[in-house]
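>>> Just need the structure, nothing else, for what follows:
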Amino acid sequence: MAISNDDALVRVENIEKTYTRGSGRDATEVHVLAGLNFTIKKGDFVALMGPSGSGKTTLLNIIAGIDRPSLGSIAVDGLETTNLSESQLARWRSENVGFIFQLYNLIPVLTAAENVELPLLLTKLGKAKRREHVETALKIVGLGDRMHHYPRQLSGGQEQRVAIARAIVTDPLLILADEPTGDLDKVAGVEVLTLLKRLNAEFGKTILMVTHDPHAAESAKRIVHLEKGVLVRDDEVNSVR
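Numbering: from 1, shown residues only. Below is the predicted model of the structure:
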């Protein structure tokens with residue numbers, strides 16, 4: 001599906017990623033991404049699929065500014081992030097990207113509210129405003145009554161919803177989700193996917209989700225397929241159902 005550059009929030013241009021394995025004479029190059037080009041428009045919900053080793057998580061990390069490409073450029077909302085220094089990149093990421101992990105990455109000794117508040121500690125918001133943002137985020141994910149619960153007191157699905165609240169509490173431009181239902185049972189997985197669709201439809205959040213599950217992918221508006229670091233298909237979901 002061709003997308004006009006005019007409404008592109010994320011623009012990936014000629015991205016290559018190569019790792020060196022070993023050293024000296026034994027060194028070999030591993031090509032993970034090979035001249036990748038695609039865009040994500042504002043308000044889109046894209047599922048990124050492909051076999052293990054196809055470069056899905058690597059691409060997600062490069063877009064997030066966690067990793068850097070070997071060649072090519074990434075622009076988010078018109079800003080070429082590949083030109084930023086490490087400190088500039090860290091600040092940009094904290095202000096613009098919400099990340100959802102497969103294994104939640106909650107801190108067990110912190111309550112749900114304290115876990116959600118963590119990204120706000122990097123901002124200039126005062127305590128009262130931070131609490132207001134935290135309460136709003138937890139209400140959006142349906143856990144307003146679980147603010148003072150610790151992760152061990154929550155189900156897996158509830159933990160992931162806390163993680164989603166943490167991802168949205170700064171009102172980011174972009175939500176990146178790496179296998180967000182991969183560690184959940186079917187019921188909890190459906191709840192999380194329903195929440196992601198709501199964030200996209202009602203709040204206009206742009207979402208890029210890595211998944212190996214074709215049923216999860218159908219919650220998105222587009223499905224992008226990677227194989228050996230190359231984009232091989234880019235479909236509207238309505239056309240593949």
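>>> Quick one: the strands in the chain, in order.
8-21, 28-41, 45-49, 71-76, 79-80, 97-100, 174-178, 206-210, 222-227, 230-236 (DSSP state E).
>>> Can you give the strand pairings for the fourth one, parallel or anti for each?
Which is strand 71-76. Using DSSP bridges, strand 71-76 pairs in its sheet with strand 8-21 (antiparallel), strand 79-80 (antiparallel).
>>> Over to the second one?
Next to strand 28-41 in the sheet, as set by DSSP bridges, lie strand 8-21 (antiparallel).
>>> which parts of the strand it pairs with are buried?
Using 16 or more other CB atoms under 10 Å as the test for burial, strand 8-21 gives 8-13, 15, 17. For glycine as for every other residue, the C-beta is placed from the backbone atoms N, C-alpha and C.
>>> That one to strand 174-178, inter-axis angle?
40 degrees (axes from the mean of the first three to the mean of the last three CA atoms, to 10 degrees).
>>> can you state the direction angle for strand 8-21 and strand 206-210?
Orientation check (the same axes, to 10 degrees): strand 8-21 against strand 206-210 gives 30 degrees.
>>> Figure out how far strand 8-21 is from the centre of its chain.
16 Å (CA atoms, centre = their mean, to the nearest Å).
>>> and if you look at stretch 50-70?
11 Å.
>>> how long is that stretch from one end to the other?
21 Å (CA to CA, to the nearest Å).
>>> try stretch 200-216
15 Å.
>>> could I get the strands paired with strand 71-76 as CSV with mean pLDDT?
Output for the strands paired with strand 71-76, formatted as CSV (pLDDT from 0 to 100):
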stretch, mean pLDDT
strand 8-21, 92
strand 79-80, 94
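>>> who wins for proximity to Leu176 among the ones you listed?
Leu176 lies closest to strand 8-21 among the strands paired with strand 71-76, at 9.9 Å (CB to CB).
>>> Can I get that closest one in CSV? Just the C-alpha atoms.
Output of strand 8-21 as CSV, limited to C-alpha atoms (Å, rounded to 0.1, in the frame of the first residue of the first chain):
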residue,chain,number,x,y,z
ALA,A,8,4.1,10.1,7.2
LEU,A,9,4.9,10.1,10.9
VAL,A,10,7.8,7.6,10.5
ARG,A,11,9.9,7.4,7.4
VAL,A,12,12.4,4.6,7.0
GLU,A,13,14.8,5.1,4.1
ASN,A,14,17.4,2.6,2.8
ILE,A,15,18.0,1.2,6.3
GLU,A,16,20.7,-1.4,6.6
LYS,A,17,21.9,-3.1,9.8
THR,A,18,25.0,-5.3,9.9
TYR,A,19,26.6,-6.9,12.9
THR,A,20,30.1,-8.3,13.1
ARG,A,21,30.3,-11.8,14.7
